[in-house]
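Give me a model of this one.
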Amino acid sequence: MDILALKSLPRHPWKNGGGVSTGIAGEPPGASYDACLWRIDLSFIERAGPFSDLAGLDRILTILAPGLSLTVDGATSTIAPFSPFAFSGDCVTTCALSDEARPPLHAFNVLTRRGEAKARVDIHPGSATVQPGSLATLLYVARGGFNVVEGKGRPTRLDSDHAALVRAGGEALAFEPFRPWSVAISVVVDGV
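Numbers count the residues shown, from 1 in each chain. Modelled structure (predicted):
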């Protein structure tokens with residue numbers, strides 16, 4: 001299990017140059033949007049505008065605070081915080097920020113190469129166990145803090161804006177909050 005502190009990870013520009021993201025994990029490591037099998041980022045949305053064209057990728061976006069709506073191929077949806085929203089990177093997508101938004105709005109993004117990988121994103125306000133994906137499993141602490149154990153190992157404390165990554169061949173992740181109002185996001189990535 002690798003422990004990742006987001007403040008120490010590199011930021012990179014969006015494909016369309018409209019903002020920046022912190023790259024949390026991906027395969028192959030450091031791969032561009034066009035070359036990745038899967039990728040997990042934390043994006044910082046400062047203003048309304050177009051999303052990048054990510055043809056060939058499926059997207060799951062989870063915002064961490066209120067105030068975002070997405071228009072995907074002409075259909076507009078108001079996105080609730082901590083509610084994963086799936087859509088195709090092939091779609092023409094724009095975003096708008098409401099009056100309640102406090103930019104930068106943090107958006108947790110999961111990208112998978114269609115036909116080669118798939119992901120499941122779940123929200124955890126309490127204790128849980130996540131079975132490992134065939135490609136990777138990631139637990140991101142969005143708020144508060146969690147004690148995390150891989151398999152029968154020793155517990156590791158993860159504070160907000162930290163993640164635990166288990167690559168292929170890893171064991172299940174069990175976790176429980178040690179602070180009130182804690183929320184974690186799990187991502188299980190499997191091959192197709």
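
any idea which helix or strand comes after the helix or strand of the chain with the lowest mean pLDDT?
Among the helical and strand segments of the chain, the one scoring lowest on mean pLDDT, DSSP states H and E is strand 11-13, with a mean of 91. Under the assignment DSSP states H and E, the closest C-terminal helix or strand after strand 11-13 is strand 20-27.

Next SSE downstream of that following strand?
Assigned by DSSP H and E, the successor of strand 20-27 is strand 38-45.

Now do that next one: which elements does it pack against?
Under the contact definition 3 or more CB pairs under 8 Å, 6 or more residues apart in numbering; DSSP states H and E, strand 38-45 sits against strand 20-27, strand 105-113, strand 136-143. To be clear about C-beta, it is placed using only N, CA and C from the backbone, and glycine gets the same treatment.

Residues contacting it, please?
Around strand 38-45, the neighbours that count as contacts under CB atoms under 8 Å, 6 or more residues apart in numbering are 6, 14, 19-27, 31, 33, 68, 95, 97, 103-113, 117, 119, 135-136, 138, 140, 187, 189.

Show me which of those are buried.
Restricting the contacts of strand 38-45 to buried positions leaves 6, 14, 19, 21-27, 33, 68, 95, 97, 105-113, 117, 119, 135-136, 138, 140, 187, 189, with burial counted as 16 or more other CB atoms under 10 Å.

Show me what counts as buried in stretch 35-44.
For stretch 35-44, burial by neighbour count (16+ other CB under 10 Å) applies to 36-44.

Turn the residues you listed into JSON lines, columns for distance to residue 78.
Putting those into JSON lines (distance: CB to CB, whole Å) gives the following:
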{"residue": "36", "distance to residue 78": "29"}
{"residue": "37", "distance to residue 78": "31"}
{"residue": "38", "distance to residue 78": "27"}
{"residue": "39", "distance to residue 78": "26"}
{"residue": "40", "distance to residue 78": "24"}
{"residue": "41", "distance to residue 78": "22"}
{"residue": "42", "distance to residue 78": "21"}
{"residue": "43", "distance to residue 78": "18"}
{"residue": "44", "distance to residue 78": "20"}
